[in-house]
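Visitor: I would like to see how this sequence folds:
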Amino acid sequence: MGTGGATKGVAHLGVLKAMEELGLKPDIYVGASSGAIASAFFAQGVSADEMVDWFRPFWRRKSEDPLKGRYFLGMPNREQLASPGWLTSGILSIDRFERYLRDKLPHNDFRQLDTPLFVTAADIDGRGRVV
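Guide: I've put the predicted structure just below:
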């Protein structure tokens, strides 16, 4: 089970790397938030080393680089947050991150995976759980 939280998402790489070294392969992947991203990569056969290589450039960028952290996720700056009416449907825009994932992940349909993948989420509008 991959849990949420950015630092936990990185920790999943170490756990799955150890599992790879021991020859252990999960029968199913389940994840939430950053754990869902890690699980999606592993369910598609991407190794822990490949994931580290792909994401290492983001960890090394300066904080104002448009591909790092808040800028990469489209977080608003102070002026935008203070502007009345700016917030319409959410604080973050994941467009850039989604394009990056689509480029890196070969399958966009969980049914195409050899190992089942389930992603948990919360439906904020409907106030319910989604799997």
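
Visitor: show me the longest strand that occurs in this protein.
Guide: strand 117-123 (DSSP state E).

Visitor: go ahead and confirm residue 49 touches residue 17.
Guide: Yes: if you go by C-beta atoms under 8 Å, residue 49 and residue 17 touch, sitting 7.2 Å apart. Heads up, the C-betas are built off the backbone N, CA and C, glycines and all.

Visitor: for those two, indicate the residue with more neighbours.
Guide: For residue 49 versus residue 17, neighbours defined as other C-beta atoms under 10 Å are more numerous around residue 17 (15 against 11).

Visitor: ok, now which ones touch the closest residue in space to that one that isn't next to it in sequence?
Guide: Nearest residue to residue 17, sequence neighbours excluded (C-beta to C-beta, 6 or more residues apart in numbering): residue 48, at 3.7 Å. If a contact means C-beta atoms under 8 Å, 6 or more residues apart in numbering, then residue 48 has 13, 14, 16, 17, 20, 42 as its contacts.
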